[in-house]
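Trainee: coords please:
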Amino acid sequence: MRIFIIHQYFKTPEEGGAIRSFYIAEWLAARGHEVEVITAYNEKHYRKKQIKGFHVHYLPVYYTNHLSFLSRIHAFYRFVRMSLSLFNKLPRPDLNYVITTPLTTGLIALYAKKRRGIPYVFEVGDLWPDAPIALGVLRNKLLKKLAYKLEKISYENASALIALSPDIKRAIEKKIPGREVAVITNMADTRLFSLEQKNSGLQEKFGVQNRFVIVYAGTVGLANHLEYLLDIAALDKEHHLHFIVAGEGARWDAVRQEAEVRALKNISFYSFMDKLGVNELMNIADAIFVSFKHVPVLSSGSPNKLFDGLAAGKLIIINFGGWVKSLIEQHKCGFSYPPGQPRSFFNKIEPYLADPGVLRKAQQNARGLADEFTPEKQLKELDKVIAGLKADKD
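Mentor: All right, here's what the predicted structure looks like:
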């Protein structure tokens with residue numbers, strides 16, 4: 001099949017960040033499909049590049065997490081408009097694989113289906129517009145109404161729906177009763193990350209010798225509310241903990257400034273890293289931290305940093321509920337504590353600090369759980385989805 005993957009935020013392992021769509025493109029190309037990716041990047045001119053057996057069309061649409069709400073909407077609109085323009089110049093695909101967020105990619109899918117009869121798979125990574133509304137980012141009544149309408153018709157017209165978590169699947173099934181929804185979570189790259197002994201050279205490089213290291217690697221945005229982490233760091237007087245935050249985002253400067261104001265000496269900040277840089281952090285880490293603001297809809301997601309932590313065999317610490325909390329508790333590889341209650345964090349982490357054997361067992365459990373989320377294991381479900389579409393067509 002000729003398949004177009006439409007994803008505004010496509011990244012390669014060399015670039016770092018969320019590389020789910022890279023795994024999908026690589027997987028489909030390896031199975032003999034003719035794959036092309038339509039994405040955006042922060043340059044001035046269109047570019048086409050071949051990567052591992054598939055082509056990537058880079059559209060010049062500037063976007064960062066620092067943009068205002070209106071600027072983000074404009075970037076989403078430009079990506080839709082430029083994608084449709086490119087789409088009309090390319091040979092017709094057999095299938096579009098359309099990834100949200102942003103939800104506006106649904107406009108591309110709907111246009112291609114209506115005008116050119118191209119079916120599409122719709123992948124839902126976050127519940128939009130529920131999440132931006134709950135965060136107070138989307139307030140305009142008309143925009144909310146239009147967003148919910150776009151969500152509904154994007155689901156209804158899809159030939160297949162894929163959710164990134166069981167919680168998202170349940171939410172979609174409530175919105176569109178009777179629709180079948182497959183689940184393909186984010187993925188643990190057990191080829192890149194592994195459970196290994198700490199490297200003394202890396203410990204010295206990051207200045208964390210003889211410390212219990214907790215790493216947060218990812219977006220520092222409104223939804224993540226890393227002030228929760230600062231609250232923990234401020235209370236740590238005797239545990240010899242050290243916190244590392246590596247990333248970027250709309251709240252990056254504000255969080256760093258607050259750490260300086262609070263004179264926190266047990267936290268270090270590093271700018272965004274590629275996967276190899278994150279691998280260095282994982283080597284020196286004892287635990288990884290995954291944070292969301294106390295907004296229930298956010299707990300439905302499938303955070304990338306969780307899967308990196310599992311693959312690296314780290315204690316998983318989260319501050320939210322949902323399917324991830326159930327997962328790590330069932331497999332005894334971490335804990336959840338109530339956000340905004342840092343003293344509860346210390347009660348929960350104490351057994352792992354007091355007994356290296358307890359920590360080591362949780363880390364081994366994390367690595368074992370990672371085997372359930374490798375690209376090879378998760379993307380077999382995608383093969384089933386595509387086979388079903390072929391059968392329906394025949």
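Trainee: Could I get the contacting residues of the nearest residue to residue 19 once chain neighbours are set aside?
Mentor: Distances taken as Cβ to Cβ, 6 or more residues apart in numbering place residue 11 nearest to residue 19, at 5.1 Å, with adjacent residues excluded. (Glycine included, C-beta is placed from N, CA and C.) Going by Cβ atoms under 8 Å, 6 or more residues apart in numbering, residue 11 touches 17, 18, 19, 21, 22.
Trainee: redo that, cut-off 10 Å
Mentor: 17, 18, 19, 20, 21, 22, 39, 41, 274, 275 (Cβ atoms under 10 Å, 6 or more residues apart in numbering).
Trainee: cool, and residue 97?
Mentor: Taking Cβ under 10 Å, 6+ apart, one finds 3-7, 21, 24-25, 28, 33, 35, 37, 109, 120-123, 160, 162, 382, 385-386 in contact with residue 97.
Trainee: So it lies in a strand, does it not?
Mentor: Yes - judged by DSSP: H, G, I helix; E, B strand; the rest coil, residue 97 forms part of a strand.
Trainee: That one and residue 33, how far apart?
Mentor: Going from residue 97 to residue 33 by Cβ to Cβ, to the nearest Å gives 10 Å.
Trainee: Filter the contacts of residue 11 down to the buried ones, PyMOL style.
Mentor: To isolate the buried ones among the contacts of residue 11 in PyMOL, judged by 16 or more other Cβ atoms under 10 Å, type:
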select buried, resi 17+18+19+20+21+22+39+41+275
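Trainee: would you turn the contacts of residue 11 into a markdown table with pLDDT?
Mentor: Shown next, in a markdown table, are the contacts of residue 11 (pLDDT from 0 to 100):
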| residue | pLDDT |
| --- | --- |
| 17 | 83 |
| 18 | 89 |
| 19 | 93 |
| 20 | 96 |
| 21 | 97 |
| 22 | 97 |
| 39 | 98 |
| 41 | 96 |
| 274 | 86 |
| 275 | 82 |
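Trainee: Could you list which of the contacts of residue 11 belong to helices?
Mentor: 20, 21, 22, 275 (DSSP state H).
Trainee: want to throw those into a markdown table with distance to residue 80?
Mentor: As requested, the ones in helices among the contacts of residue 11 are exported to a markdown table (distance: Cβ to Cβ, whole Å):
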| residue | distance to residue 80 |
| --- | --- |
| 20 | 21 |
| 21 | 17 |
| 22 | 22 |
| 275 | 29 |
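Trainee: which residues of this structure fall in strands?
Mentor: 2-6, 34-41, 47-51, 54-60, 95-100, 120-124, 160-163, 181-183, 212-219, 241-248, 267-271, 287-290, 315-318, 334-336 (DSSP state E).
Trainee: then the fourth one to CSV, C-alphas only?
Mentor: In CSV, the C-alpha atoms belonging to strand 54-60 read as follows (Å, rounded to 0.1, in the frame of the first residue of the first chain):
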residue,chain,number,x,y,z
PHE,A,54,10.6,6.3,3.4
HIS,A,55,10.4,9.9,2.3
VAL,A,56,9.7,12.9,4.6
HIS,A,57,8.2,16.1,3.3
TYR,A,58,9.2,19.0,5.6
LEU,A,59,6.9,22.0,5.4
PRO,A,60,8.1,25.4,6.6
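Trainee: quick check, distance from it to the centre of its chain.
Mentor: Computed by Cα atoms, centre = their mean, to the nearest Å, the chain-centroid distance of strand 54-60 equals 21 Å.
Trainee: Residues in contact with the lowest-mean-pLDDT helix or strand in the chain: which ones?
Mentor: Ranked by mean pLDDT, DSSP states H and E, the weakest helix or strand in the chain is helix 380-393, scoring a mean of 89. Residues external to helix 380-393 that are found in contact with it (Cβ under 10 Å, 6+ apart): 1, 3, 23-24, 27-28, 31, 33, 94-95, 97, 119-121, 123, 159-162, 180, 182-185, 375, 379.
Trainee: Could I get the buried residue list for the longest helix seen in the chain?
Mentor: Counting by DSSP H, the longest helix found in the chain is helix 69-87. By 16+ other Cβ under 10 Å, the buried positions in helix 69-87 come out as 72, 75, 76, 78, 79, 80, 82, 83, 86, 87.
Trainee: just stretch 106-122 next, same as before
Mentor: Buried residues in stretch 106-122 (16+ other Cβ under 10 Å): 106-113, 118-122.
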